[in-house]
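> Here is a sequence with its predicted model. Questions after.
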Amino acid sequence: MTLNPRALRLLGLLPVLLLLAASAGADPTASPAPAATPGQAAAGNATPTKAAPAKAAAAKGKDVVAMVAVAAGPFLMGCNEAVDAECMDDERPGHTVVVEAFKIDKTEVSVAQFARCVAAGACSSDGLTTPFYGGKEQPEFAEFCNWQKKDRASHPINCVPWQQAVNYCGWVGKRLPTEAEWEKAARGTDGRKYPWGNTGYGSGGKVANVADASAHKRFPSLSTIAGYDDGFVGTAPVGSLPKGASPSGALDMVGNVWEWSADPRDGGRVVRGSSWTFDPRLARAGLRGRTDPAVRAADGGFRCVK
C-alpha cells in the first residue's frame, strides 16, 4: 500500500521520522499522535536480529509482569497478501523467519511498574511528563503523558525514550524484543492479519485501543472506522481488551502504545504495534514503524522479553 501526500497529512504521517503530528502552538483539537512511518523508505524488509543478552543492572528488580511463552520455530513475517490488502511496501514480500523460544510480557509495562525502577535508581523519570519530538519539548500535549497522573498507575508508561526502556528491561533481567520476536508474539504461526485473527474492527467487539469514535470527538483529524469505539480517548489500562489477545496470549499487541524494539532502522529504532492515535485500517500485526530513540511519544511505550 502506498500513501499519497494527502493521506500522510490526514494521518499525521511523516515520511521518515515517527513524530507527533501537531507542532507547538497547534490547535488543541489536533492529534497528538507521533504517527509511525509505515516504512515506505529504503528500509527494506525486516531482517531478524539475533537477540542480545540483557546487560546486568547494578541492582536487579523483582519482576512483577506476567509473561507468556512463544515456542521456537518458523513463522510468516511481513505481508500475507491472502488476508491483508493493507500491507505497506516494507512488509513485502512476506517471508519465513525462525526464532528461538522466548517469553514476552503479557502486557505493556505500566506506570506503576516503571515507578519501581525509578525508585530503585535504575531508571530515570526525566522528561516523562512532557512529550519530546522535533528537537524540543511539546508541553501542549503533556496531559497525555501518564507519569504522575492521578488514576493512571495501571496505564502504560509512555513519553519514554528508548534508553529508559532498555534500562527498565535490564533492571528486571530482561531485554527489549527483536522485531521478529515481537511479530511472532503478535500473530503466531498462521499469518493472521491481526493478533485476534483476520476479522476487522467492529466485528469482534472491543479488540484494540486505536483511533476510534471516542478519540475522534477530541481529535477530529483522526482517521477512524465508522461504528468502532473502544471507549478510550487516550491510553487504556494495560490488558483492558482481552478479546484482542494474540495466539500466545499477549494483550495490546495492536493499539494503546507503539512499542520500542531492540532493532535499529535508518538511524533510529523500530517500533511496532500502532497506538490509540492510529488509523485502525492500518493497525495490523505486520505494520512496521521507526523513530528516533530520543523521542518521547504520548503514544509510545514498551514491553520486555527474555
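Sure, I can see it.
> Could you list the low-pLDDT ranges of this protein?
Applying pLDDT under 70 to the chain picks out residues 1-59.
> Buried residues, stretch 171-188. List them.
Of all the residues in stretch 171-188, those buried under the rule 16 or more other Cβ atoms under 10 Å are 171-172, 174-188. (Glycine included, C-beta is placed from N, CA and C.)
> quick one, helices of the stretch 201-306 of the chain?
Applying DSSP state H, counting those that start in this stretch to the stretch 201-306 of the chain gives helices spanning 213-218.
> any idea where the strands of it begin and end?
Ranges of strands in the stretch 201-306 of the chain, per DSSP state E, counting those that start in this stretch, are 258-265, 268-272, 288-291, 300-301.
> do the same with the stretch 1-150 of the chain
19-20, 34-35, 67-70, 73-77, 95-99, 102-105, 132-133, 136-137.
> Using CSV, please lay out the strands of the stretch 201-306 of the chain together with mean neighbour count.
Output for the strands of the stretch 201-306 of the chain, formatted as CSV (neighbours: other Cβ atoms under 10 Å):
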stretch, mean neighbour count
strand 258-265, 25
strand 268-272, 26
strand 288-291, 27
strand 300-301, 30
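> Can you say which of those is nearest to Ala120?
Closest to Ala120 of these is strand 300-301 (Cβ to Cβ; 19.4 Å).
> Within the sheet, what are the partner strands of that closest one, with directions?
According to DSSP bridges, strand 300-301 forms sheet pairs with strand 258-265 (parallel).
> quick one on the thing from earlier: between the strands of the stretch 201-306 of the chain, which one is closest to Gln148.
strand 300-301 (15.6 Å).
> what about stretch 140-149, how long is it end to end?
The first residue of stretch 140-149 is 15 Å away from its last residue (Cα to Cα, to the nearest Å).
> just stretch 289-303 next, same as before
16 Å.
> now do stretch 243-252
OK, stretch 243-252 end separation, Cα to Cα: 10 Å.
> And for stretch 70-87?
End-to-end distance for stretch 70-87, by Cα to Cα: 24 Å.
> The residue nearest the centre of the chain bridge partners, please.
In the chain, the centroid-proximal residue (Cα atoms, centre = their mean) is Trp258; its distance is 1.7 Å. Trp258 has these beta-bridge partners by DSSP bridges: Gly300.
> What of His95?
Met77.
> ok, back up a step: tabulate the strands of the stretch 1-150 of the chain (a markdown table), appending mean neighbour count and distance to Gly231.
As requested, these are arranged in a markdown table below (neighbours: other Cβ atoms under 10 Å; distance: least, Cβ to Cβ, whole Å):
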| stretch | mean neighbour count | distance to Gly231 |
| --- | --- | --- |
| strand 19-20 | 26 | 23 |
| strand 34-35 | 30 | 22 |
| strand 67-70 | 19 | 25 |
| strand 73-77 | 18 | 32 |
| strand 95-99 | 16 | 34 |
| strand 102-105 | 22 | 23 |
| strand 132-133 | 22 | 27 |
| strand 136-137 | 14 | 30 |
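> Between the ones you listed, which one is closest to Lys306.
When the strands of the stretch 1-150 of the chain are compared by Cβ to Cβ, strand 102-105 sits nearest Lys306, at 5.6 Å.
> other SSEs contacting the closest one?
Applying 3 or more Cβ pairs under 8 Å, 6 or more residues apart in numbering; DSSP states H and E, we find strand 102-105 packed against strand 67-70, helix 179-187.
> Can I get the ones you listed in JSON lines including distance to Ser154?
As requested, these are exported to JSON lines (distance: least, Cβ to Cβ, whole Å):
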{"stretch": "strand 67-70", "distance to Ser154": "18"}
{"stretch": "helix 179-187", "distance to Ser154": "21"}
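> quick one: which of these is nearest Pro195?
helix 179-187 (5.2 Å).
> got the CA positions of that closest one in CSV?
Coordinates of each C-alpha in helix 179-187 appear next as CSV, following Å, rounded to 0.1, in the frame of the first residue of the first chain:
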residue,chain,number,x,y,z
GLU,A,179,11.3,-7.1,15.7
ALA,A,180,10.9,-10.7,14.7
GLU,A,181,10.2,-11.8,18.2
TRP,A,182,7.6,-9.1,18.6
GLU,A,183,5.8,-10.0,15.4
LYS,A,184,5.7,-13.7,16.2
ALA,A,185,4.2,-13.0,19.6
ALA,A,186,1.6,-10.7,17.9
ARG,A,187,0.4,-13.0,15.1
